[in-house]
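[1] just a sequence and a predicted model for now, questions to come.
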There are 2 protein chains.
Amino acid sequence: MAGNRVELGYGVTMREYYSITELTREFDVSTRTLRFYEDEGLVQPVRRGRTRLFRPSDRHLIRQIMRGKRLGFSINEIREIIQMYKEPPGEVGQLKLMIKRIEEKREDLRQKRRDLEETLAELDQAEESCVERLVELGVNT
Amino acid sequence: MAGNRVELGYGVTMREYYSITELTREFDVSTRTLRFYEDEGLVQPVRRGRTRLFRPSDRHLIRQIMRGKRLGFSINEIREIIQMYKEPPGEVGQLKLMIKRIEEKREDLRQKRRDLEETLAELDQAEESCVERLVELGVNT
DNA sequence: GCCTCAATTGACTTTTACGTAAATGCCATG
DNA sequence: CATGGCATTTACGTAAAAGTCAATTGAGGC
């Protein structure tokens, strides 16, 4: 919790690293989970001795992982998505392949969005039925 | 595959039931999966002897289950959601509880929607980087 | 009545995403 | 220096959601 800050210029500073427990609290996950993500190669915290030091980039990755999880992606799918955010490859074939895979993921996400809207619409209907029923019963909503 | 149709009026008819394999093909799942959903009480096909006959309502339920799966809901969550689509309960306390739960699910879905939009935006960026890189390399897109 | 194909059942296996326990290290504090 | 608190590693456990396989069983066609 000491200095642990870097100058970015114009007097602006930011945290240089975060402890594992800090991040477990921020993202409401266990240390086991963060270590698991490290084993899976999703994050690569640096070490001081044996202690993990998570840097802002790791923190951002964890944020992306959590988002992916909430969307129902598996670890492998999340790994793929994270790959896509990384520095684009240098070779043309690789680049075209990557664009194709990004497009696939986007199609996947668009399907999810349709599913989501439909489910939301049906929940709206369900709630309306409930409210109507309450009104029938003469309940002051 | 025979007659298997009901008159709805004005000459409009619809399938009365579907075989398990028809549905496995339509939804691209295994028979094991559909039987699993039956064991879990998500669908209740009627029987002719031991053979399952899925009715349109079962088919619609399966459609909802698949949607829920794509959104990353667990079977239990899907079960809850399906409960919500059903006939609203008769008692006031139950009704209010149901409305509360529906609202919770909707909040959940709205979070998913935010996650989804953010992820889509990042994928857009990623693709743009790739395209830029291609242009730098002088590839005719 | 027999044959064959589709369907059923039950048992066992697999994968994913961690949980949990045990043993131990590191360090600050009273 | 003992104590507490967080950290680490290794190993084994587990719940959910099916997959897989083997052994029947039924129903329709000839």
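    That came through, no problem. Residues are numbered from 1 along each chain as shown, chains lettered A, B, ... in the order given.
[2] in chain A, which spans are strands?
    For chain A, applying DSSP state E gives strands covering A:5-9, A:12-15, A:46-48, A:51-53.
[3] so can I have TSV of the ones you listed showing distance to B:Ser19?
    Yep, even glycine has a C-beta here, placed from its N, CA and C like the rest. As requested, those are exported to TSV (distance: least, C-beta to C-beta, whole Å):
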stretch	distance to B:Ser19
strand A:5-9	65
strand A:12-15	60
strand A:46-48	58
strand A:51-53	55
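[4] out of the ones you listed, which one sits most buried?
    strand A:51-53 (a mean of 15; mean count of other C-beta atoms under 10 Å in any protein chain shown).
[5] A:Arg59: neighbouring residues, count only.
    Burial of A:Arg59 is recorded as 18 neighbouring residues (other C-beta atoms under 10 Å in any protein chain shown).
[6] please report how far it lies from DNA strand C.
    In this structure, A:Arg59 and DNA strand C are 17 Å apart, going by C-beta to the nearest atom of the strand, to the nearest Å.
[7] and the one residue in chain A that gets nearest to chain B, how far from DNA strand C?
    Residue nearest to chain B within chain A (C-beta to the nearest C-beta): A:Gly72, separated by 1.5 Å. A:Gly72 sits 9 Å away from DNA strand C, going by C-beta to the nearest atom of the strand.
[8] does that residue touch B:Ser74 like I think?
    No: in this structure, A:Gly72 sits apart from B:Ser74 without contact. The criterion is C-beta atoms under 8 Å, and the distance is 9.5 Å.
[9] quick one, which of these two is more surrounded?
    Neighbour comparison, A:Gly72 and B:Ser74: the larger count goes to A:Gly72, with 17 against 11 (by other C-beta under 10 Å).
[10] list the contacts of the more buried one.
    By C-beta atoms under 8 Å, 6 or more residues apart in numbering or on different chains, the residues touching A:Gly72 are A:Lys112, B:Lys69, B:Arg70, B:Leu71, B:Gly72, B:Phe73.
[11] repeat for A:Arg70
    Applying C-beta under 8 Å, 6+ apart to A:Arg70 gives the contacts B:Gly72, B:Gln111, B:Lys112, B:Asp115.
[12] returning to that earlier point: in TSV, list the strands of chain A along with mean pLDDT and distance to A:Gln64.
    Compiled in TSV, these are given as follows (pLDDT from 0 to 100; distance: least, C-beta to C-beta, whole Å):
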stretch	mean pLDDT	distance to A:Gln64
strand A:5-9	81	22
strand A:12-15	82	18
strand A:46-48	90	19
strand A:51-53	92	18
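[13] so the top helix by length along chain A versus helix B:92-136, what angle?
    When chain A is parsed with DSSP state H, its longest helix is helix A:92-136. Taking axes from the mean of the first three to the mean of the last three C-alpha atoms, to 10 degrees, helix A:92-136 and helix B:92-136 form an angle of 160 degrees between their directions.
[14] nearest to A:Tyr18, of the contacts of A:Gly72?
    Looking at the contacts of A:Gly72 and their distance to A:Tyr18, the nearest is B:Gly72, at 27.1 Å (C-beta to C-beta).
[15] could you check how far the closest one is from DNA strand D?
    Between B:Gly72 and DNA strand D the distance is 10 Å, computed by C-beta to the nearest atom of the strand.
[16] and that residue, how far is that from B:Ile78?
    Distance, B:Gly72 to B:Ile78, by C-beta to C-beta, to the nearest Å: 10 Å.
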